[in-house]
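>>> Have a look; sequence and predicted model below, questions after that.
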Amino acid sequence: MEVTPLYWILLLFISRVAAGQSPGSLIVRPNRSQFFEYESVTLSCEVLGGSKGRRVERNPTSGKRTRCGDGWGRVDGTNCIISSTKSTDSGEYVCGSGELNNAVNIVVTDGHVILESPALPVTEGFNVTLKCRNKTNTSDLTTDFYKDGSFIRTESTGVMTIPAVSQSDEGLYSCRHPELGRSPESWMTVTVLFISRVAAGQSPGSLIVRPNRSQFFEYESVTLSCEVQGGSTGRRVERNPTSGKRTRCGDGWGRVDGTNCIISSTKSTDSGEYVCGSGELNNAVNIVVTDGHVILESPALPVTEGFNVTLKCRNKTNPSDLTTDFYKDGSFIRTESTGVMTIPAVSQSDEGLYSCRHPELGRSPESWMTVTGENMNYENHQIDG
């Protein structure tokens, strides 16, 4: 295939579409649909490469549609800033005109509990983290999560992760604190696009890892496959171990099951670099299997700039004690009592080696997180026509 400048422009275009953004999309920062009163939210109408120049408008739950700056919000360059939200700020927010447009529903509550869920559509295959937050008793995080009014499960950390989200996960979500009550409901939209693999940093002949993480305890299961748009490449997964020669799945390790390579009970000797067997377009994934007590659940596959990324420290000895120190490139970042750290709107500066440490059980291995940047992709791959 001849690669032209148009190819890279289209790559930038589809990466926004795969992130749930049309060429004239409403962007919400932070990317969540529920807010307490007196919080801040920034909205803007953006297109590929910058601002659309259109004004954000609001359809409130009661009243007429108005533009940012007309009695609500403050226009600051290309942004609409609501610096201190009120319950009257609840409503549907849109870009003022244009055929390609997305609407975002925002709820501002004077209650005690909110669900932090994505305001923008999420792409099938990504992990999605929902967080229940209360402003009264921040030490008691026990939460019941609901979808479409039905109970899902209870989480002692107040955080629920939906792995490899799919169309069946689309719906109305809420959470309930046992003492402080229930959050409002918010709809989560899941987009299905074959081009989303490209935007997620995966070339058309990419190695896919399920679950999408780079660290495993011994005796866990991992499935790998070489995939293209719409299906398998037919190529076999291969491994460069930390010691020894490169071999194919089924040759002394793993089990070939159709298009998949399944390692049903991981061992420390399964650590290494995994690749697709041949082809120009290929990505390598480093996987670490440890016999230690602590791992960091971080994405094995590249993450796209602008997405929220959740890192989770997991231990197999004392799962009730979740206090964790997080590190990047060997330097301390912060301590999280839930064992979960979210990097909002990830950028190129967030790329690096991450690890976590439990105060009693020790430190996880390090894993590299790759961030694919839309503008960087264009600059680095632009070809003179």
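Great, that's in hand.
>>> How about stretch 62-75, which residues are buried there?
By neighbour count on 16 or more other C-beta atoms under 10 Å, the buried set for stretch 62-75 is 66-68, 72-73. Placement of C-beta: from N, CA and C, glycine included.
>>> and the residues you listed, which of them are in strands?
Among those, DSSP state E puts 66-67 in strands.
>>> all helices for the protein, in order.
5-18, 196-199, 374-381 (DSSP state H).
>>> Endpoints of stretch 344-362, how far apart?
26 Å (C-alpha to C-alpha, to the nearest Å).
>>> Looking at the buried residues of stretch 62-75, which is nearest Thr338?
Gly73 (32.5 Å; C-beta to C-beta).
>>> thought that closest one was touching Thr85?
No: using C-beta atoms under 8 Å, Gly73 is not in contact with Thr85, being 10.1 Å away.
>>> you'd agree Cys226 is up against Val285?
No: under the criterion of C-beta under 8 Å, Cys226 is not in contact with Val285, lying 11.2 Å apart.
>>> overlap in contacts of those two?
Leu207 (C-beta atoms under 8 Å, 6 or more residues apart in numbering).
>>> between the two, who's got more neighbours?
The residue with more neighbours, out of Cys226 and Val285, is Cys226; 27 against 22, by other C-beta atoms under 10 Å.
>>> Show me the protein divided up by domain.
5-191, 200-291, 294-385 (automatic domain parsing).
>>> For the stretch 201-350 of the chain, give me the ranges with low pLDDT.
The stretch 201-350 of the chain contains residues with pLDDT under 70 at 201-205, 228-234, 278-283.
>>> do you know how far Asp140 is from Val371?
From Asp140 across to Val371, the span is 35 Å (C-beta to C-beta, to the nearest Å).
>>> The two - which one has more neighbours?
Using other C-beta under 10 Å, the more surrounded residue of Asp140 and Val371 is Val371, with 22 against 14.
>>> Could you find the closest non-adjacent residue to the more buried one?
Glu351 (4.5 Å; C-beta to C-beta, 6 or more residues apart in numbering).
>>> Repeat that for Phe307.
In space, Phe307 is closest to Val346, 5.8 Å off (C-beta to C-beta, 6+ apart).
>>> What number of residues are in the vicinity of the one you found?
Neighbourhood size, Val346 [other C-beta under 10 Å]: 21.
>>> Just list the residues touching it, thanks.
303-309, 371.
>>> What of Arg334?
Residues near Arg334 by C-beta under 8 Å, 6+ apart: 325-326, 341.
>>> OK, contacts around Glu37?
For Glu37, the contact set (C-beta under 8 Å, 6+ apart) comprises 84-87, 108-110.
>>> Could you work out the most separated pair of those residues?
Of all pairs in the contacts of Glu37, the most separated under C-beta to C-beta is Ser84 and Thr109 at 14.3 Å.
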